[in-house]
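>>> The following comprises the amino acid sequence and a computationally predicted model.
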Amino acid sequence: MDMLWSGWGDPARATPLPDSVTGLLGDLLGVKPRTLEPLALEDLTVPDSPLDPAARRALADAVGEEHVRTDAESRIRHTRGKSTPDLLRIREGDLTDLPAAVLLPAEHDEVLAVMTACAEHGLALVPFGGGTSVVGGLAPDAHRPFVALDLRRMDRLTGLDPVSRTATLQPGLRAPRAEALLAAEGFTLGHFPQSYEWATIGGFAATRSSGQASAGYGRFDEMVLSLTLATPRGTLDTGRAPRSAAGPDLRQLVLGSEGAFGVITAVTVRIRPLPETRVYEGWRFASFDEGAAALRRLAQDGPRPTVLRLSDETETLIGLAQPDAIGAGVQESSAGCLAVVGHEGTPEDTAHRREGAAAVLRAHGGTPLGEEPGRRWEGGRYSAPYLRDALLDAGAFAETLETATFWSRVPELYAAVREALTGTLTAAGTPPLVMCHISHVYENGASLYFTVVSAQGDDAVAHWTRAKHAANEAILAAGGTISHHHGVGTDHRDWYLREIGPLGTGALDAVKRHLDPAGLLSPGVLLPAGD
């Protein structure tokens, strides 16, 4: 199944907002109902593919004629990603980032052959996994035609080592299918980001993805033991042991490279036994600062839960921590801040860690709310993007951004980003509702994930561009990183380069020029596009 071309996920799961929420949006934020329906796919005006016959023959020789798609629908479905500006633009018929063709290779050598064909015919190339990028990772700064390299046919579990507890996966394997294949052997990857239902293994590696159970299983980049990278200069294999002192770790060069250095064609990851028990529960804290202190204590001193999240007062009040509860009215437990705490493992270990964590949470002012809030969070953990689309349909604007910093800087970063977003959007005549939660915790710091809802105004994309710019400036000024798990793409590139500085930029540029001398791969993603 393909994702909805003009929104998120399975079209059958798209549901409108309750009338109570629509009314609240109007009263609180001045949201006005849409007067025009979005264009239908068949209404879009799609230019002919700019591929000349010789280029098409070369690409067909690489992957097979039936796997070179230049029809309008295939190209539209591979235009940009799933950020709110992406969706607003495509709903209005803006196809300026339309690929010339969509290619579906089946194995590593076909990917190399496609690169050769692209080099010979002056084409750029953008790897495409689940299409879930929200930072411009699929919209290159290409001053020439480009092709989308859809990796869906590379979707197998190619190796399993139960003794070492490793698995080798192809990049186009979507997360639910990967989990099902591993579960059949008694294992789990344990990687469950919000994009889980649609994102792919290759995309997880290319963007340094972080899942909702990262407190227990770690980030995806911590799971990766080795990778294979297809580049215009040949094949790069990285990692032949779980740890090594044989020079710098080239895995780290590939992880987070977002298709700018090559196309990931195989990933070997560590796996864990399937947990026998999963328990998610809710805890209430009087304030965000109080809850953050409790999370820090668990992250630093344990026992560390598998899932550990904390919504601020606004997000808790609105109910965004439990998307399926929005519009149901404010409950007594909605006062203060809601933390979701999850434990996975054997029944004995889970009970022991749950008891220990509860003692820490109580000592820091936490009040137990039982398993119901945890079950509601679990049931709606992948629903937020659908909610975002429903808000757009109702005439509201909704978008997210995230960052991370050290624990001592969390209060400053939290305040600075909220102020930047609120001030900029209010000045534009679209005062926002700004919500935040701590989404991932570490011994030394945490990630802050912001959600912004406002009226769309006269130009929603322009309003958001100014607000995002202000938020990015605030993030750097307050000592945060420009992205914790969404990646760099083209949207964050300029701030990323400031974050790593001229010397770091030069080092990455040298890698880019060595592996991709013609600048074929994802132009403008991560690094500025060449001439």
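Thanks, I have the structure now.
>>> Can you name every helix or strand that the longest helix seen in the chain contacts?
The helix that spans the most residues within the chain, counting by DSSP state H, is helix 493-515. The contact analysis (3 or more Cβ pairs under 8 Å, 6 or more residues apart in numbering; DSSP states H and E) places helix 493-515 against helix 460-477. (C-beta placed from N, C-alpha, C; glycine too.)
>>> on that earlier part again, centre of the chain to the longest helix of the chain, how far?
22 Å (Cα atoms, centre = their mean, to the nearest Å).
>>> and it with helix 460-477, angle?
Interaxial angle of helix 493-515 relative to helix 460-477 (axes from the mean of the first three to the mean of the last three Cα atoms, to 10 degrees): 80 degrees.
>>> List the buried residues for helix 493-515?
493, 495, 496, 497, 499, 505, 508, 512, 515 (16 or more other Cβ atoms under 10 Å).
>>> Likewise for stretch 107-124?
By 16+ other Cβ under 10 Å, the buried positions in stretch 107-124 come out as 108, 110-115, 117-119, 121, 123-124.
>>> With stretch 176-188 instead?
Going by 16+ other Cβ under 10 Å, stretch 176-188 has these buried residues: 177, 178, 179, 181, 182, 187, 188.
>>> With just CA atoms, put that stretch into PDB.
Below are the C-alpha coordinates for stretch 176-188, written out as PDB (Å, rounded to 0.1, in the frame of the first residue of the first chain):
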ATOM      1  CA  PRO A 176       6.400  -3.300  10.900                       C
ATOM      2  CA  ARG A 177       7.500  -6.000   8.400                       C
ATOM      3  CA  ALA A 178      11.000  -6.000  10.000                       C
ATOM      4  CA  GLU A 179       9.500  -6.500  13.400                       C
ATOM      5  CA  ALA A 180       7.200  -9.300  12.100                       C
ATOM      6  CA  LEU A 181      10.200 -11.100  10.600                       C
ATOM      7  CA  LEU A 182      12.200 -10.800  13.700                       C
ATOM      8  CA  ALA A 183       9.300 -11.800  16.000                       C
ATOM      9  CA  ALA A 184       8.900 -15.000  14.100                       C
ATOM     10  CA  GLU A 185      12.400 -15.900  15.300                       C
ATOM     11  CA  GLY A 186      11.800 -14.600  18.900                       C
ATOM     12  CA  PHE A 187      13.500 -11.300  18.600                       C
ATOM     13  CA  THR A 188      12.700  -7.600  18.300                       C
END
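>>> ok now it, how far from the chain's centre?
21 Å.
>>> What ranges does the stretch 251-400 of the chain have for its helices?
For the stretch 251-400 of the chain, the helices defined by DSSP state H, counting those that start in this stretch occupy 251-254, 288-301, 313-318, 347-363, 372-379, 384-393.
>>> Dump the ones you listed to CSV, plus mean neighbour count and mean pLDDT.
What follows is the helices of the stretch 251-400 of the chain, written out as CSV (neighbours: other Cβ atoms under 10 Å; pLDDT from 0 to 100):
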stretch, mean neighbour count, mean pLDDT
helix 251-254, 18, 97
helix 288-301, 19, 98
helix 313-318, 20, 93
helix 347-363, 16, 97
helix 372-379, 19, 95
helix 384-393, 21, 93
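>>> Now the phi/psi pair for residue 188, please.
With angles defined as degrees, to the nearest 10, residue 188 sits at phi -140, psi 150.
>>> ok, what's across the strand from it?
Counting by DSSP bridges, residue 188 forms beta bridges with residue 272.
>>> Surely it and residue 270 touch.
No - contact between residue 188 and residue 270 fails when scored by Cβ atoms under 8 Å: they sit 10.9 Å apart.
>>> measure the spatially closest residue to residue 512 that is not a sequence neighbour to residue 519 for me?
Counting by Cβ to Cβ, 6 or more residues apart in numbering, residue 512 lies nearest to residue 527, which is 5.7 Å off, once chain neighbours are set aside. Counting by Cβ to Cβ, to the nearest Å, the gap between residue 527 and residue 519 amounts to 9 Å.
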